[in-house]
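# Build me a structure from this.
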Amino acid sequence: MMTLLVENQSTETLAEPKVAPAPAPVPEAVEAPKRWIWDVGIILQMFAVLVIGLLLNLVFVSQLQYSTSQSALRQDLRLQLAQGSAPIGQNTIEGTLTPLGTPIALLEIPQLKKSEVIVEGTTSAQTAVGVGHRRDSSFPGQAGTAILMGRSGAYGGVFSAIGTLKPGARFAVTTGQGTFTYQVIGSRRAGDPMPPTPKPTEGRLTLTTAAGVPFMPQDVLRVDARLVSEVAPTPPRVFAAGEKKLPESEQTMGQDFSGMLGIIILFQLLTAAVIAAIWCWKRWGKWHTWIALAPILLTISILLGNQINMILPNLL
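I've put the predicted structure just below:
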């Protein structure tokens, strides 16, 4: 009897094993959307950070870039003035057009505490490194009207305060022909009357920049000044104002789209870097990913920001 009882109990134990209940499976239809939402959220966050970086590049980093460029240009101009090789017209000594970006003069405005190197050309690339001289206008110190363009906000914002110059204020421009003094005669915006046309033996200079809220220009501000020192000889000119030979990118509020290919390539690289960062984030973790890829993302962002800045108006 005892043997049968034990055998029955053993049989019942083997017949009904106690198994822990398995966890309920989570349907893929629920998990997949959550995973994609997470990925998209990370991508949007990274691009938001990069957009903020581009804005910081335009507002702050560009100021440092401008200062560095001015330091190098100042040394070049000082050497050219000492050697007597500074350009004094549209053509170089060899008879070719003065290359864009060449330092040609030094502008000094005591009232604004400004001392800026003037470069040949007025595309965004030139006004990002110095005050640009419009190529179809006279050279400073010579007969006719010389037109200078400067930024109002980015890249030094060198002309942001020219609207405060009152009639009678004086400033100087030093070129390869000497130092010339100008006296402000007034300022104007779109729709305001033009000053009288200077006589063939008179010199004038116009400072030009964007007007309105910084980085959101609404108008163009021009400050006119007359030459009060002796007029310098004027070399032959290749082209003059009104001949429509000046590219659109060099005119007032002009934009230069020649770098669009570079923008497309850099944007593709940036997209690939962001995707790689997400992949690494999942496998390495947050801090490892930032240590490995943050320098790459930062470098591409700065390069992309510089290219995008070049297609913005040249007076911004």
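# and this protein, what are its domains?
43-59+258-310, 66-241 (automatic domain parsing).
# Packed most tightly, which of these would that be?
Of the domains of the chain, the one with the most neighbours on average (mean count of other C-beta atoms under 10 Å) is domain 66-241, at a mean of 18. Any C-beta I mention is one placed from the backbone N, CA and C, and that applies to glycine too.
# what does the average pLDDT come to for that domain?
The pLDDT scores in domain 66-241 average 94.
# so how far is it off the chain centroid?
The chain centroid and the centroid of domain 66-241 are separated by 20 Å under C-alpha atoms, centre = their mean, to the nearest Å.
# rewinding a little: mind putting the domains of the chain into TSV with distance to residue 249?
Shown next, in TSV, are the domains of the chain (distance: least, C-beta to C-beta, whole Å):
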stretch	distance to residue 249
domain 43-59+258-310	7
domain 66-241	5
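# right, and these - which one's nearest residue 247?
Proximity to residue 247, assessed across the domains of the chain by C-beta to C-beta, is greatest for domain 66-241 (7.7 Å).
# Start and end of stretch 156-173, how far apart?
The first and final residues of stretch 156-173 sit 19 Å from each other (C-alpha to C-alpha, to the nearest Å).
# Grab the nearest non-local neighbour of residue 315.
residue 210 (4.0 Å; C-beta to C-beta, 6 or more residues apart in numbering).
# Wait, that neighbour touches residue 150, no?
No: using C-beta atoms under 8 Å, residue 210 is not in contact with residue 150; the gap is 9.4 Å.
# Overlap of the contact sets of the two?
residue 315 (C-beta atoms under 8 Å, 6 or more residues apart in numbering).
# Strands of the stretch 101-250 of the chain, residue ranges please.
In the stretch 101-250 of the chain, the strands defined using DSSP state E, counting those that start in this stretch lie at 103-109, 114-120, 131-133, 144-149, 170-175, 178-188, 203-213, 216-227.
# Tell me which residues touch residue 161, please.
By C-beta under 8 Å, 6+ apart, the neighbours of residue 161 are residue 112.
# before we move on, what about the one 10 residues further on?
Residue 171 sits next to 107, 108, 109, 110, 111, 165, 181, 182, 184, 225 when contact means C-beta under 8 Å, 6+ apart.
# Go again with 7 Å.
Going by C-beta atoms under 7 Å, 6 or more residues apart in numbering, residue 171 touches 108, 109, 110, 182.
# For the residues you listed, name the two members farthest from one another.
110 and 182 (12.1 Å).
# Could you dump the strands of the stretch 101-250 of the chain into a markdown table and include distance to residue 268?
Below are the strands of the stretch 101-250 of the chain laid out as a markdown table (distance: least, C-beta to C-beta, whole Å):
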| stretch | distance to residue 268 |
| --- | --- |
| strand 103-109 | 36 |
| strand 114-120 | 32 |
| strand 131-133 | 31 |
| strand 144-149 | 33 |
| strand 170-175 | 44 |
| strand 178-188 | 45 |
| strand 203-213 | 32 |
| strand 216-227 | 30 |
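# Figure out which of those strands is closest to residue 40.
strand 216-227 (31.0 Å).
# where's the next helix or strand after the closest one relative to the chain centroid, distance-wise?
Of the helices and strands lying after strand 216-227 in sequence (DSSP states H and E), the nearest is helix 260-284. Its chain's C-alpha centre and that of helix 260-284 lie 22 Å apart, by C-alpha atoms, centre = their mean.
# same check, this time on stretch 251-260
12 Å.
# Now do the buried residues in that stretch.
252, 253, 254, 256, 259 (16 or more other C-beta atoms under 10 Å).
# quick check: angle from the helix or strand harbouring residue 288 to helix 260-284?
Following DSSP H and E, one finds residue 288 within helix 286-310. Calculated by axes from the mean of the first three to the mean of the last three C-alpha atoms, to 10 degrees, helix 286-310 forms an angle of 170 degrees with helix 260-284.
# helices or strands next to helix 286-310 in the packing?
With contacts defined as 3 or more C-beta pairs under 7 Å, 6 or more residues apart in numbering; DSSP states H and E, helix 286-310 has these neighbours: helix 28-56, helix 260-284.
# and with 8 Å instead?
helix 28-56, helix 124-127, helix 260-284 (3 or more C-beta pairs under 8 Å, 6 or more residues apart in numbering; DSSP states H and E).
# contacts for the shortest one?
The reference is to helix 124-127. So helix 124-127 is in contact with 100-101, 119-120, 132, 149-151, 155, 249, 254-256, 309-315, going by C-beta under 8 Å, 6+ apart.
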